[in-house]
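[1] Next comes the sequence, and after it the predicted model I'd like to discuss.
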Amino acid sequence: MRHASLTLARELKQVLKKLNGEPSVIFASSMLNLTELQGLCPEIRLLKKVVYFHENQLNYPLKPRDKRDEQYVFSEFLGSQVADEVWYNSDFHLQLHHGSLRTWLKKMPAPSLLPEFEPWRRKASVMYPGFNLEQQALLCQTRFTEGHLSTPEPCAKKVRLLWAARWDDDKQPHLLLDVIDQLKQEQINFELVILGGAPQHDSEDWSRLRNLGDQLLHCGYLQSRTDYFKWMSSCDIILSTAHHEFFGISVMEAMSMGLKACLPRALAYPELYGDLPESICQWHDYQTNQIISCLKKLMLSDPKPTERQAQLNLSRCHQWQEYAPQADEKLIKGAACIDE
């Protein structure tokens, strides 16, 4: 983040020289100081500029004993001052960041920066991420048949759980391990697939996972996206124990493949999935016994075809075929206003 604007300005000037025409929009991550970039590359001064916050440095959780680098916090605020629009990946993220940033700016010495904060805040809007769901759609044909949505048998005999997240404190893998121990204690027949994260093999977490034996079908990162989606499509329920998440793409991917979900009643999850029926989505408050209860309900639930259709419609809104035209229209509309 510290020298991105300098190196990118050098590269951008070369790119602009080779273009036949002038670009209309600069679309940048919040991790780039766009104000610095404009100063170093004044050729982009008249272009529309959009900054996208998929994370922010003020609310990102710290590891134990780490200290927040507040210069990064200020760089994001300063760097997006020249943006015409500021996009967030969820309303939860937008509200959390704005509230925290206002409080943080009040602690700064005089003169106050709140006069700069208010017009910056008014530029903000929500633009959910889009992604390619075509591969997932092909893999979930076992759940969704052509022409209508099939209703799978309730998974009462055996359930395959999915946990798809980094193995870091902010995703609370210790809570997952507690849930697993409780499932075993209650002799519930289940299998577990862990995608994305894995504990160190010399850690206590790994020892607890090894106790699953053959019930642990996979644990760790996969090089192939095809393999990733195949494992995901083989599961019945996705479980999230995260206490930090601004969107949660893996949950949306799982939903697009027909998985049921057991999610925290927090973060961006209620915003995204709050309208889904209880037969598809159950909510927990990070309590082990509550999660077990939710999982049992999902194991026995038998969603109606109309409920499955609602689930599929939700995921379709984020497919590139649906999302890209909306994003393009929003970008082009703003660029045209600037040209006028």
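    Received it, and whenever you're ready, just let me know what you need. Numbering: from 1, shown residues only.
[2] and Leu267, what is it in contact with?
    By Cβ atoms under 8 Å, 6 or more residues apart in numbering, the residues touching Leu267 are Phe92, Ala242, His243, His244, Glu245, Phe246, Gly248. Every residue, glycine included, has its C-beta placed from N, CA and C.
[3] quick one: which of these is most hemmed in?
    Neighbour counts for the contacts of Leu267 (other Cβ atoms under 10 Å) peak at Gly248, which has 25 neighbours.
[4] my guess is that one meets Glu271, correct?
    No. Judged on Cβ atoms under 8 Å, Gly248 makes no contact with Glu271 at a distance of 10.7 Å.
[5] could you pull out the strands for the stretch 1-150 of the chain?
    With DSSP state E, counting those that start in this stretch, the ranges of strands along the stretch 1-150 of the chain come out as 25-29, 48-53, 85-88, 124-126, 144-145, 148-149.
[6] could you dump those strands to CSV with mean neighbour count?
    Converted to CSV, the strands of the stretch 1-150 of the chain look like this (neighbours: other Cβ atoms under 10 Å):
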stretch, mean neighbour count
strand 25-29, 18
strand 48-53, 23
strand 85-88, 23
strand 124-126, 15
strand 144-145, 14
strand 148-149, 14
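[7] separation between Leu101 and Gln71?
    14 Å (Cβ to Cβ, to the nearest Å).
[8] out of those two, which sits in the more crowded spot?
    Higher neighbour count among Leu101 and Gln71: Leu101, with 21 against 11, using other Cβ under 10 Å.
[9] Give me the distance from the helix ranked longest in the chain to the chain's centre.
    When the chain is scanned for its longest helix (criterion: DSSP state H), the result is helix 320-339. Between the centre of helix 320-339 and the centre of its host chain there is 22 Å, according to Cα atoms, centre = their mean, to the nearest Å.
[10] what's the answer for stretch 290-305, then?
    Distance of stretch 290-305 from its chain centroid, counting by Cα atoms, centre = their mean, is 24 Å.
[11] For that stretch, buried residues please.
    Neighbour-count burial for stretch 290-305 flags Ile291, Ile292, Cys294, Leu295, Lys296, Leu298, Met299, Ser301, Pro303 (criterion: 16 or more other Cβ atoms under 10 Å).
[12] Please flag which of those sit within helices.
    Mapping the buried residues of stretch 290-305 onto helices (DSSP H) picks out Ile291, Ile292, Cys294, Leu295, Lys296, Leu298, Met299.
[13] Next, the contact list for the second one, please.
    Yep, that's Ile292 we're talking about. Val179, Gln182, Leu183, Glu186.
[14] Any of those buried? List them.
    Using 16+ other Cβ under 10 Å, the buried ones in those are Val179, Leu183.
[15] Out of the contacts of Ile292, which is nearest to Asp205?
    Distances from Asp205 to the contacts of Ile292, taken as Cβ to Cβ, are shortest for Val179 (13.3 Å).
[16] For Ala254, see how far away that closest one is.
    Distance, Val179 to Ala254, using Cβ to Cβ: 17 Å.
[17] One more: Pro111?
    49 Å.
[18] okay, these two: which has more neighbours?
    Comparing Pro111 with Ala254 by other Cβ under 10 Å, the one with more neighbours is Ala254, at 27 against 7.
[19] Buried residues in whichever strand or helix holds that one, which are they?
    Assigned by DSSP states H and E, Ala254 falls within helix 249-256. Neighbour-count burial for helix 249-256 flags Ser250, Val251, Met252, Glu253, Ala254, Met255, Ser256 (criterion: 16+ other Cβ under 10 Å).
[20] by contact count, what packs against that helix?
    Packing partners of helix 249-256 (3 or more Cβ pairs under 8 Å, 6 or more residues apart in numbering; DSSP states H and E): helix 134-139, strand 159-164, helix 225-233, strand 237-239, strand 260-264, helix 269-273, helix 305-316.
[21] And the longest one, what does it pack against?
    By that I understand helix 305-316. So helix 305-316, by 3+ Cβ pairs under 8 Å, 6+ apart, packs with strand 148-149, helix 249-256.
[22] Any idea how far that helix is from the middle of the chain?
    On the basis of Cα atoms, centre = their mean, the separation between the geometric centre of helix 305-316 and that of its chain is 20 Å.
[23] Give the full set of residues in contact with Ala164.
    By Cβ under 8 Å, 6+ apart, the neighbours of Ala164 are Ile194, Leu195, Gly196, Met232, Ile238, Ser250, Val251, Glu253, Ala254.
[24] In those residues, which has the lowest confidence score?
    The pLDDT minimum for those sits at Gly196, where the score is 87.
[25] list the buried ones in the helix or strand hosting Arg208?
    According to DSSP H and E, Arg208 maps onto helix 204-210. Using 16+ other Cβ under 10 Å as the test for burial, helix 204-210 gives Asp205, Arg208, Leu209.
[26] Fine, thanks again, bye for now.
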